[in-house]
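Participant: Starting from these lines, generate the structure:
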Amino acid sequence: MAYFTYDTSVIISRRLVDFRRTKGLVLSSVALLEVTASAKDESQRKFFEDLFRNCEQDESLIVPNGADWLFASKILFC
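Facilitator: Predicted structure coming up:
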């Protein structure tokens, strides 16, 4: 099965679509951090915090470790 990685800009452009209804979706903790930090108001911030917690509970949250960051730096170097 193919999978896709969406950048923060995709989450922003989709606005507050209920991502929890998207079957098989996994989200990056980094992307959720970025959209949570840029929330326009308290309700948006709470929405993304709830989404983070829900993804964490059902194990659909991708959290990079040190090796992931090192690999990303090698990709960005090229």
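
Participant: Which residues does the worst-scoring helix or strand of the chain on mean pLDDT contact?
Facilitator: Lowest mean confidence among the helices and strands of the chain (mean pLDDT, DSSP states H and E): helix 8-13, at a mean of 73. Helix 8-13 is contacted by residues 19, 27, 30-32, 34-35, 38 when judged by CB atoms under 8 Å, 6 or more residues apart in numbering. Bear in mind the C-beta positions are built from the backbone N, C-alpha and C, glycine included.

Participant: Could you list the low-confidence segments of this structure?
Facilitator: Counting by pLDDT under 70, the ranges of the chain that qualify are 1-6, 14-22.

Participant: ranges for the helices of it?
Facilitator: Per DSSP state H, the chain carries helices over the ranges 8-13, 29-37, 42-57, 66-77.

Participant: Buried residues, stretch 53-60. List them.
Facilitator: Neighbour-count burial for stretch 53-60, counted by 16 or more other CB atoms under 10 Å, picks out residue 55.

Participant: Grab the nearest non-local neighbour of residue 52.
Facilitator: Counting by CB to CB, 6 or more residues apart in numbering, residue 52 lies nearest to residue 32, which is 5.0 Å off, once chain neighbours are set aside.

Participant: how close does the one you found sit to residue 78?
Facilitator: Going from residue 32 to residue 78 by CB to CB, to the nearest Å gives 27 Å.

Participant: which one of the two has more residues nearby?
Facilitator: For the pair residue 32 and residue 78, the greater number of neighbours falls to residue 32 (21 against 4), based on other CB atoms under 10 Å.

Participant: just checking, the more buried one touches residue 50?
Facilitator: No: contact between residue 32 and residue 50 fails when scored by CB atoms under 8 Å: they sit 10.6 Å apart.
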